[in-house]
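1. Show me the folded form of this:
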Amino acid sequence: MRWKTGILTVGIVGVVGLLAAMGTSYVADRYAGEGQLTGPPATPELVARGAYLAKLGDCAACHSIPGKPPYSGGLRMVTPIGAIYTTNITPDPTYGIGRFSLADFDRALRFGVAEGHTLYPAMPFTSYYNTTPEDVAALYAYFQQGVPAAVVSNRPSDIPFPLSMRWPLTYWRWLFAPKPTPFQPLAAANAEVAKGAYFVEGLGHCGECHTPRAVTMQLKATTPKDGSAYLSGAVIENYFAPSLRNGGTGTLGDWSVEELAQFLKNGASSKGIAFGSMSDVIIHSTQYMSDADALAAAKYLKSIRNDDAGKAGPFVYDPAVHTALKNGDASKPGALAYLDNCAACHRPDGLGYERVFPRLAGNGVVQAGDPISLISIILNGASTPRTKGAPAQFAMPSFATRLSDQDVADVVNFIRSSWGNHASSTTARDVARVRKATRPNG
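-> Purely as a prediction, here's the structure:
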């Protein structure tokens, strides 16, 4: 009988502990935040400021989908535990945030808590935490006064029970989400660089894609002070979001401040063209940056130096492969497939056509540590973002049906080892994995 009593005792202790954990989570989420935040009246100037900040925060990209009213939610986001759907953030009192006070809005934006529970960190409150109270008030004014209310219900998540329980998220937030504090730029930064840091680290939430995550899904670093993982590049949605650090192969080392600012505004520069999710960021967000803000963000990114930046010099073009191709020598594996499928746009010399078809020689994406972006682009195609500064759009077709896995691997390896590029090789098996996880555009 003793063993039965022991099992019963363990069971009771376990249930009590679970209830205590759930109760602690409930109380913590209910009272999260900094009290009753108050702000100025919603003047036209404040609403306009909030509209600009909403674009910087890229709110539309996640909370708007084609065919539905702006900001009414519904975008499907796949997570390791199942799919979730973005919510209605229009001022509708039933389905949106019309009932939110400024303090409620602040809790959701900076603390990651809304309507009594912790939000999934797909909402980047882990980056928005540094937003100033003044900018929080401006955003609130915009979403309450500048956005039309949309009577669109929220779609429940596809996460199965018990993973769908929210209370464990409270503890994840305690462990991994930065505590909202007034923005404090690096001590050595000047005012313009500090302004750029405020956007990149905060509303721009660049680290959410360009910083690797730990096994428990938190960012390994949220600012440069957290270590060299910050903005060092990460795989997301079958693409490699490249390093945004300065110095070394596959980084922004060869980009000038002006080229970076141009890229943020137009999605294209002499060094590269946006692709994948970054195209959406350009279209919905950064193309609307003021010239001063874009320049400040570029200067901040250039200030984030790699520890080993001095070990790798600038890219040096090597004409050997181009010379061989010009002389009719396509014996290098992948060379013939490149000539047949790629050279018309990217040229045999790998230099492409500026702001139309990107150069491959010295391209940071081409030389990234992970070749997944090249594989995905070849398989699925890509198109340049259409912006105010670059209204013409150019497209690369999908080659998924034209090229075998081995063909794609050969082309990728050819590109990553030609014209002065030096990057690791890939295999047909790697291509097959990407092919299985993606499907061609259209």
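2. which stretches of the stretch 301-442 of the chain form strands?
-> 382-383, 395-396 (DSSP state E, counting those that start in this stretch).
3. Just give me how far the first one sits from the chain centre.
-> Just to be clear, that refers to strand 382-383. 18 Å (Cα atoms, centre = their mean, to the nearest Å).
4. ditto for stretch 51-62
-> Using Cα atoms, centre = their mean, the distance between the centre of stretch 51-62 and that of its chain works out at 13 Å.
5. Now tell me what touches that stretch from outside.
-> 70-71, 75, 77, 86, 89, 128, 135, 138-139, 142-143, 146, 199, 203-205, 280-281, 284-286, 288-289, 293 (Cβ atoms under 8 Å, 6 or more residues apart in numbering). C-beta: built from backbone N, CA, C; applies to glycine.
6. ok so, going back, can you lay out the strands of the stretch 301-442 of the chain as TSV showing mean neighbour count?
-> As requested, the strands of the stretch 301-442 of the chain are arranged in TSV below (neighbours: other Cβ atoms under 10 Å):
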stretch	mean neighbour count
strand 382-383	18
strand 395-396	15
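7. need those in a markdown table with distance to Gln367, can you?
-> Listed next are the strands of the stretch 301-442 of the chain as a markdown table, based on distance: least, Cβ to Cβ, whole Å:
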| stretch | distance to Gln367 |
| --- | --- |
| strand 382-383 | 18 |
| strand 395-396 | 19 |
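8. Tyr120 is nearest to which of the ones you listed?
-> Ranking the strands of the stretch 301-442 of the chain by their distance to Tyr120 (criterion: Cβ to Cβ) puts strand 382-383 first, at 28.8 Å.
9. what's in contact with that closest one?
-> Strand 382-383 has contacts (Cβ under 8 Å, 6+ apart) with 275-276, 279, 393-396, 441.
10. following the worst-scoring helix or strand of the chain on mean pLDDT, which helix or strand shows up next?
-> Ranked by mean pLDDT, DSSP states H and E, the weakest helix or strand in the chain is helix 2-30, scoring a mean of 49. Following helix 2-30 in sequence order, the next helix or strand is helix 44-56 (DSSP states H and E).
11. Next, the buried residues of that following helix.
-> 46-47, 49-56 (16 or more other Cβ atoms under 10 Å).
12. so which of those comes closest to Arg155?
-> For these, the nearest to Arg155 is Ala54 (22.0 Å; Cβ to Cβ).
13. who touches Gly202 in this structure?
-> By Cβ under 8 Å, 6+ apart, the neighbours of Gly202 are 127-131, 183.
14. quick one: secondary structure of it?
-> For Gly202, the assignment made with DSSP: H, G, I helix; E, B strand; the rest coil gives helix.
15. How about it: what's its closest non-neighbour residue?
-> Asn130 (4.3 Å; Cβ to Cβ, 6 or more residues apart in numbering).
16. and the one you found, what pLDDT?
-> Looking at Asn130, its pLDDT is 91.
17. With Leu336 instead?
-> Value for Leu336, per-residue pLDDT: 97.
18. Now do the contacts for it.
-> By Cβ under 8 Å, 6+ apart, the contact set of Leu336 is Ala330.
19. Name the nearest residue to Ala437, sequence neighbours excluded.
-> Asn238 is the one closest to Ala437 (Cβ to Cβ, 6+ apart), at 5.4 Å.
20. I figured the one you found was touching Thr438, is that so?
-> Yes - between Asn238 and Thr438 there is a contact at 5.1 Å, judged by Cβ atoms under 8 Å.
21. what do these two both touch?
-> Residues touching both Asn238 and Thr438 (Cβ under 8 Å, 6+ apart): Ser376.
22. Helices along the stretch 301-442 of the chain, start to end?
-> 320-326, 335-341, 343-346, 372-380, 405-415, 428-437 (DSSP state H, counting those that start in this stretch).
23. Alright, calling it a day.
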